[in-house]
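*Asks:* Quick one, what's the 3D model for this:
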Amino acid sequence: MQDTAAAPPSAPHALPKTAHTPMISGWMTFQLAFACGLIVANLYYAQPLAGPIGQSLGLAPAATGLIVTLTQIGYGLGLLLIVPLGDLIETRRLVCTLLVLAALASLALALSSVPAQFFAATLALGMVSVAAQVLVPFAAHLAPPEHRGRVVGNVMSGLMTGIMLARPVASFIAQLSAWHVVFFTATAAMALLALMLRLNLPQRRPEATLRYGALLASMTGLMRRTPVLRRRALYHAALFGAFSVFWTTTPLLLARTYGLSQGGIALFALAGVAGAIASPIAGRLADRGHSRAATVLAMLLVAGAYLMTHLAAPGSKLGLGLLVAAGIVLDSGVTTNLVVGQRAIFALGAEVRSRLNGLYMATFFAGGAIGSAAGGWAFAHGGWAWASALGIALPLVALAYLMTEPKTRSA
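*Replies:* Numbers count the residues shown, from 1 in each chain. Coordinates of the predicted model:
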């Protein structure tokens, strides 16, 4: 099945093809992948540290969840309000400005001694960490069309590695020192990254003529008129929801059933990094016109990962090994679907890539937030049986929806 995800006739912003074919070097691809991973890690440092941070700030147990929730809310706002600026503002200037703001927000977190300061800083850090989602469309712009999936896949492998490494790295640093040191380290990392990208990123000046208000208003029309975007966003909302169910509930399962310490749980999380290797493979499949087959495979991998966990007795060594394998398989499926989806929407036109990416990410990020909440509720009421049933159902619903897609196009 050939991938023919082109701009629909009703999408007026798609750029016509030109004789110019942008190129991107392997070194630039690596820098973009490294930057995306380091930036997105900002969203996850606080997750394993919520307990110590809450105690240090004098938070009530019921308010500790805000430490993670506000970062997610900030990121969602940034996807809708900041990422579209990539279609309006010169890319290097926008990214470096966001990174300087991320360094300041991380510094404010490190110096926090009262809840109000910490909450304001974590909301701000979530918003400006969308710099990663400005860089992904930028990578697609630099890549020639025939290699766009491969380049996006390589960059996304860096992003997914950052997601999976952030939590165990934060746990290890806090175990050796204090949670403040995690954010001091993040401050230095963002400042150095801003300098690196300022020196190495090429400039790209978008051709959009819309003002900011009109740019945001156009996003509703883009979602309404672009079926490829709607389908891809909903497919991945379901898979990212299953991803969130798994990584929200397995730490509880590992502590309760397998007796793992926080250090052991951190090591378990490291296993998921192996799933990032699926990104470049998925990109190559999409470049060769196999987007639909890769999507079906991704959905089956996610459902199958949960089924694997029921093949051995809970609490056994085999059961633990299968959980590790399931984490790798699940992350591979989710990563595959993410890359194939981004490759499809980035083919819709250079002028709208940042807005498309913002809408795509915001939609599936909402699916992830719902998955986290629903997964926590399911585990609390029915243990792993209920949580895994939810994790199996989500990709199967997405697969059923995929079966309604016309086979004349790959979305």
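
*Asks:* moving C-terminal of the helix or strand encompassing residue 127, what's the next helix or strand?
*Replies:* Taking DSSP states H and E as the definition, residue 127 sits inside helix 115-128. Per DSSP H and E, helix 115-128 leads on to helix 131-142 as the next helix or strand towards the C-terminus.

*Asks:* which residues touch stretch 80-91?
*Replies:* Applying CB atoms under 8 Å, 6 or more residues apart in numbering, the contact partners of stretch 80-91 are 94, 98, 127-128, 130, 133-134, 137-138, 201, 203-206, 208, 210, 212, 215-216, 219, 351-355, 357-359, 361-362. Just so you know, the C-beta spots here come from the backbone N, C-alpha and C atoms, and that holds for glycine as well.

*Asks:* Buried residues in the helix holding residue 127, which are they?
*Replies:* 115, 118, 119, 120, 121, 122, 123, 124, 125, 126, 127, 128 (16 or more other CB atoms under 10 Å).

*Asks:* Could you pull up the residues touching the closest residue to residue 29 other than its chain neighbours?
*Replies:* Of all residues not flanking residue 29 in the chain, residue 154 sits nearest, at 5.2 Å (CB to CB, 6 or more residues apart in numbering). By CB under 8 Å, 6+ apart, the contact set of residue 154 is 29, 30, 33, 279, 280, 283.

*Asks:* okay, among those residues, which ones form the most distant pair?
*Replies:* 30 and 283 (14.8 Å; CB to CB).

*Asks:* Looking at the two, which one has more neighbours?
*Replies:* The neighbour comparison of residue 30 against residue 283 (other CB atoms under 10 Å) goes to residue 283, with 28 against 13.

*Asks:* which SSE is the more buried one in?
*Replies:* helix 278-287.

*Asks:* And residue 157, by the same measure?
*Replies:* Here residue 157 is assigned to helix 148-176, by DSSP H and E.

*Asks:* pLDDT averaged over the next helix-or-strand element following that helix, what's the number?
*Replies:* Sequence order places helix 179-200 as the next helix or strand after helix 148-176, per DSSP H and E. What helix 179-200 shows for mean pLDDT is 96.

*Asks:* Same check on stretch 104-118?
*Replies:* pLDDT averaged over stretch 104-118 gives 95.

*Asks:* number of nearby residues for residue 371?
*Replies:* 28.

*Asks:* Setting the sequence-adjacent residues aside, check what's closest to it.
*Replies:* Per CB to CB, 6+ apart, closest to residue 371 is residue 241, 3.1 Å.

*Asks:* Quick check: buried residues in stretch 249-265?
*Replies:* So for stretch 249-265, counting by 16+ other CB under 10 Å, buried means 249, 250, 251, 252, 253, 254, 257, 258, 260, 262, 265.

*Asks:* what about it, how long is it end to end?
*Replies:* In stretch 249-265, first residue to last residue: 12 Å (CA to CA, to the nearest Å).

*Asks:* Report the distance from it to the chain centre.
*Replies:* Taking CA atoms, centre = their mean, to the nearest Å, one finds the center of stretch 249-265 at 24 Å from the center of the full chain.

*Asks:* Run through who's touching it.
*Replies:* 48, 171-172, 175, 268, 314-315, 319-320, 323, 327, 375-376, 378-379, 383-384, 387.

*Asks:* Extract the C-alpha set from stretch 35-42 and format it as PDB.
*Replies:* Taking C-alpha atoms only, stretch 35-42 is exported to PDB below (Å, rounded to 0.1, in the frame of the first residue of the first chain):
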ATOM      1  CA  ALA A  35      18.100  18.100  21.800                       C
ATOM      2  CA  CYS A  36      14.500  16.700  21.600                       C
ATOM      3  CA  GLY A  37      15.400  14.000  24.200                       C
ATOM      4  CA  LEU A  38      17.000  16.500  26.600                       C
ATOM      5  CA  ILE A  39      14.200  19.000  26.300                       C
ATOM      6  CA  VAL A  40      11.300  16.500  26.700                       C
ATOM      7  CA  ALA A  41      13.000  15.000  29.800                       C
ATOM      8  CA  ASN A  42      12.000  18.200  31.600                       C
END
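
*Asks:* ok, now which ones touch the residue lying closest to residue 131 once chain neighbours are set aside?
*Replies:* The shortest distance from residue 131 to any residue other than its chain neighbours is 3.9 Å, reached at residue 98 (CB to CB, 6+ apart). Residue 98 makes contact with 82, 128, 129, 130, 131, 134, according to CB under 8 Å, 6+ apart.

*Asks:* And residue 378, what's its pLDDT?
*Replies:* At residue 378, the pLDDT value in this model is 91.

*Asks:* Look up how far residue 61 lies from it.
*Replies:* Shown here: residue 378 relative to residue 61, a distance of 21 Å by CB to CB, to the nearest Å.

*Asks:* quick one, which of the two is more surrounded?
*Replies:* In terms of neighbours (other CB under 10 Å), residue 378 is the more surrounded of residue 378 and residue 61; the figures are 22 against 9.

*Asks:* correct me, but the more buried one touches residue 393?
*Replies:* No - applying CB atoms under 8 Å, one finds residue 378 not in contact with residue 393, separated by 10.4 Å.

*Asks:* Return the item of the contacts of residue 154 having minimum pLDDT.
*Replies:* residue 279 (71).

*Asks:* what about it, neighbour count?
*Replies:* Residue 279 has 27 nearby residues by other CB under 10 Å.

*Asks:* Now it. Nearest residue, chain neighbours left out?
*Replies:* residue 157 (3.6 Å).
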